[in-house]
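1. Below is the structure, and that's it, no one-letter string:
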């Protein structure tokens, strides 16, 4: 099997139940999914079908009730939690609908933060952060507070922060959900470039039907299960 066709993420018989009072709610049911390194996988389906839960389990933020998730042949739920946290920070870039900022820091400092947490010097971290801001053409906002930026600019800064550690895999939960259509199109174009030019593996959750065909693969979820999985 060629390297491009080897799965970087292997999900087997994944189930997740939540307890709400006396009732067990099945958030995920028997999920089996292999993600290749070349995939730009669009996950869609109605609200409450399990899309965000699936992303959180792939990232190791949430734990499954049963089943396994292997990332580059490592079973992430066999790792101790602190080791899983370190693994997540190095291997995954996570982008959410609402970016969270340290309000006392500039955009550049917020983008550099993951590297400072990893133990890089301030000089190394800010140098790398400024290069990523430049790649995304938002270096002119480096010294502004991120909360002063428009929604689209904030989401680009959030993408810069996710990319600063050079992760293999980007996990994106409704990254265009709060944006106007022009800003949303720009963000989706950046993801397309990151997948095709920079060979990043991307799993992106979206409600927006006009983006379902932009990836290399469509996964439709319903009632906690996968009902359709097609390569586009």
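-> All right, it came through fine. Fair warning: this is a prediction, and the values are worked out from it, not measured in the lab.

2. Please settle this for me: is residue 159 part of a helix?
-> Yes. Under DSSP: H, G, I helix; E, B strand; the rest coil, residue 159 falls within a helix.

3. Is the spatially most central residue of the chain part of a helix or strand, or is it coil?
-> Nearest to the geometric centre of the chain sits residue 171, at 1.4 Å (Cα atoms, centre = their mean). Under three-state DSSP, the three-state class of residue 171 is strand.

4. so it makes contact with residue 54?
-> No. With contact defined as Cβ atoms under 8 Å, residue 171 does not reach residue 54; the gap is 9.7 Å. For the C-beta atoms, the positions are set from N, CA and C on the backbone; glycine is no exception.

5. the bottom helix or strand of this protein by mean pLDDT?
-> helix 81-91 (a mean of 90; mean pLDDT, DSSP states H and E).

6. Give me the distance from it to the chain's centre.
-> Remark: helix 81-91 is offset 14 Å from the chain centroid, using Cα atoms, centre = their mean, to the nearest Å.

7. Quick one: list the elements packing against it.
-> helix 107-118 (3 or more Cβ pairs under 8 Å, 6 or more residues apart in numbering; DSSP states H and E).

8. now what about the helix it packs on, what contacts it?
-> By Cβ atoms under 8 Å, 6 or more residues apart in numbering, the residues outside helix 107-118 that reach it are 89-90, 101-102, 105, 122, 124-126, 128-130, 132-133, 138, 141-146, 149, 157, 160-161, 164-165.

9. how far does that helix sit from the chain's center?
-> 17 Å.

10. same question, stretch 103-110
-> Distance, centroid of stretch 103-110 to centroid of chain: 21 Å (Cα atoms, centre = their mean).

11. Going by neighbour count, which residues in that stretch are buried?
-> Buried residues in stretch 103-110, counting neighbours by 16 or more other Cβ atoms under 10 Å, are found at 106-110.

12. Show the end-to-end separation of that stretch, please.
-> End-to-end span of stretch 103-110 (Cα to Cα, to the nearest Å): 9 Å.

13. likewise stretch 85-97?
-> 21 Å.

14. Can you give the contact residues for it?
-> Applying Cβ under 8 Å, 6+ apart, the contact partners of stretch 85-97 are 59-61, 71-72, 74, 76, 79, 114, 117-118, 155, 158-159, 162-163, 165, 167-175, 177-178, 200.

15. Mind checking which of those residues are buried?
-> 59-60, 71, 76, 114, 155, 158-159, 162-163, 165, 167-175, 177, 200.

16. Which secondary structure elements does the biggest helix by length in the chain sit against?
-> Taking DSSP state H as the criterion, the chain has its longest helix at helix 181-196. Helix 181-196 is packed against strand 40-44, helix 151-163, strand 169-173, strand 201-205, with contacts defined by 3+ Cβ pairs under 8 Å, 6+ apart.

17. Sitting in helices, which of the contacts of helix 107-118 do you find?
-> Per DSSP H, the contacts of helix 107-118 map to helices at 89-90, 122, 124-126, 128-130, 132-133, 157, 160-161.

18. What is the nearest of those residues to residue 16?
-> Distance ranking of those against residue 16, using Cβ to Cβ, places residue 89 first at 22.8 Å.

19. quick one: that closest one and residue 77, what's the gap?
-> Residue 89 sits 17 Å away from residue 77, going by Cβ to Cβ, to the nearest Å.

20. Going through the contacts of helix 107-118, which ones are buried?
-> The buried subset of the contacts of helix 107-118 - by 16+ other Cβ under 10 Å - is 89, 101, 125-126, 128-130, 132-133, 138, 141-142, 145-146, 149, 157, 160-161, 164-165.
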